[in-house]
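Structure for the following, please:
(one chain, ligands or ions: 2)
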Amino acid sequence: MTPVRIALQRLPHGDGLPLPAYASTGAAGLDIVAAEAVTLNPGERHAVATGFAIAIPAGFEVQVRPRSGLALKYGITCLNTPGTIDSDYRGEIKVILINLGQEPFAVVRGERIAQLVPAAVQPARFEEVDQLDATDRGAGGFGSTGR
Ligand SMILES: O=c1ccn([C@H]2C[C@H](O)[C@@H](COP(=O)(O)OP(=O)(O)OP(=O)(O)O)O2)c(=O)[nH]1
Ligand SMILES: [Mg+2]
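Residues are numbered from 1 along each chain as shown. Ligands and ions are numbered 1, 2, ... in the order given. Purely as a prediction, here's the structure:
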């Protein structure tokens with residue numbers, strides 16, 4: 001599939017850092033690195049700078065997702081996962097990391113901290129009605145089909 005082109009502007013503190021990049025041929029996400037060094041104590045969160053801003057074409061979004069290795073080994077994840085980058089956002093991309101582990105975690109500048117997954121957006125319009133159509137499930141949810 002032809003990749004969608006996303007313009008990227010490097011910010012001064014992003015100097016020398018690699019661009020978002022796929023770590024393998026079939027990777028879904030492009031890994032992004034921290035533009036700052038910060039230590040997260042257990043339970044602490046921080047919007048980690050990436051040193052770049054982007055202009056996503058209309059009709060697309062970019063999701064910010066955690067890396068499973070950091071989550072499994074250190075309890076480091078994205079608090080708002082998946083983070084949503086709107087196509088009209090022109091500020092710096094930040095990664096809201098939280099340390100759910102037991103030990104302090106040092107984010108090193110240049111270390112891969114998350115991944116970006118571009119996705120098509122389906123616009124919708126909510127229309128108020130008096131009655132919804134009936135289904136077998138009805139209002140059942142939250143474990144209604146069993147554990
Ligand atoms: O992980 C994230 C999530 C969001 N953003 C930026 C891009 C996004 O377009 C903007 C707003 O994000 P969101 O809509 O999730 O947050 P909000 O609390 O609704 O803020 P706003 O009122 O600015 O939309 O913040 C990031 O840089 N990283
Ligand atoms: Mg919003």
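
Quick check: the residue of this protein nearest ligand 1.
Nearest residue of the chain to ligand 1: Gly83, at 2.4 Å (Cβ to the nearest ligand atom). All C-beta atoms are positioned from the backbone trio N, CA, C, and that covers glycine.

Do a quick rundown of the strands in the protein.
Using DSSP state E, the strands assigned to the chain run over residues 7-10, 21-22, 30-33, 38-40, 45-55, 60-65, 76-78, 83-85, 92-99, 105-107, 112-120.

Skipping its backbone neighbours, what lies nearest Ala58 in space?
Ser87 (5.5 Å; Cβ to Cβ, 6 or more residues apart in numbering).

Contacts only, for the residue sitting furthest away from the middle of the chain.
Outermost residue of the chain with respect to the C-alpha centroid, by Cα atoms, centre = their mean, is Asp130; its distance is 36.9 Å. Counting by Cβ atoms under 8 Å, 6 or more residues apart in numbering, Asp130 makes contact with nothing.

try Pro20
By Cβ under 8 Å, 6+ apart, the contact set of Pro20 is Leu8, Leu30, Asp31, Ile32, Leu116.

one more time with 10 Å, if that's ok
Going by Cβ atoms under 10 Å, 6 or more residues apart in numbering, Pro20 touches 6, 8, 29-33, 50, 52, 54, 62, 93, 112, 114-116, 118.

likewise Ala71?
Here Ala71 is in contact with Thr77, Cys78, Thr81, Leu100, Gly101 (criterion: Cβ under 10 Å, 6+ apart).

now swap in Asp31 and tell me
With Cβ under 10 Å, 6+ apart, Asp31 has these contacts: Pro18, Pro20, Ala21, Tyr22, Ala23, Arg67, Glu111, Arg112, Ile113, Ala114, Gln115, Leu116.

Against Ala37, how distant is the most centrally placed residue in the chain?
What sits nearest the mean C-alpha location of the chain, by Cα atoms, centre = their mean, is Val64, with 1.0 Å. Going from Val64 to Ala37 by Cβ to Cβ, to the nearest Å gives 20 Å.

Do any residues in stretch 11-25 lie close to ligand 1?
No: contact of stretch 11-25 with ligand 1 (Cβ under 6 Å from any ligand atom) is absent, the minimum separation being 12.5 Å.
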